[in-house]
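Asks: sequence plus the predicted model coming up.
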Amino acid sequence: MTGEARDDCLFCKIVAGTIPATIVRETETTVAFRDITPQAPTHVLVIPKAHHENAAALASADPALTADLLREAQAVADEDKLDSYRVVFNTGAGAGQTVFHVHAHVLGGRGLHWPPG
C-alpha cells in the first residue's frame with residue numbers, strides 16, 4: 001500500500017535504520033543522505049519516510065509531503081552553500097529510476113550542463 005514501509009525497499013530500510021547511510025538531514029517526514037555513487041561534489045538524495053513509488057505517485061497521494069521533499073532539497077543546498085543546483089526526480093526504469101521509492105537527487109558544486117548525459 002502507498003505510504004507504508006516495504007520490506008523489500010532499500011530506502012525503507014535506510015529510514016528504519018537497518019541499512020547505514022550518511023545522513024545529512026532528517027525531519028519528521030524526510031531523510032536526506034549522501035549518494036553512494038556521487039555524480040557531483042554535492043549529490044544528496046532526499047526521500048520521504050513514507051514509501052511512494054515515484055514522484056508522480058507521491059504528488060498524487062500527498063501534496064504536502066511533496067512540498068516537504070522540495071523544502072528539504074533547498075535546505076540541503078543551503079547547508080552545502082550551493083549558489084546553483086539541480087533537483088532531479090527519475091520516474092520509471094526508462095528514466096533511470098533504480099530504487100522504486102521516490103527520491104530527489106540534489107546535485108551541485110560543479111557546472112551542470114544541459115542536456116544531461
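Replies: Happy to help now that I have it.

Asks: please make it C-alpha for all contacts and neighbour counts, starting now.
Replies: Fine.

Asks: the strand ranked longest in the chain: what's the following helix or strand?
Replies: Criterion DSSP state E: the longest strand present in the chain is strand 42-48. Counting by DSSP states H and E, the next helix or strand C-terminal to strand 42-48 is helix 55-61.

Asks: which strands and helices sit next to that following helix?
Replies: helix 63-79 (3 or more Cα pairs under 8 Å, 6 or more residues apart in numbering; DSSP states H and E).

Asks: beyond the helix it packs on, next helix or strand please.
Replies: Going down the chain from helix 63-79, the next helix or strand is strand 85-88, by DSSP H and E.

Asks: now that following strand - C-alpha only, CSV.
Replies: Listed next in CSV are the C-alpha coordinates belonging to strand 85-88 (Å, rounded to 0.1, in the frame of the first residue of the first chain):
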residue,chain,number,x,y,z
TYR,A,85,22.0,23.3,-8.1
ARG,A,86,19.8,20.7,-9.8
VAL,A,87,16.9,18.7,-8.4
VAL,A,88,16.2,15.5,-10.3
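
Asks: I appreciate the help and will end here.
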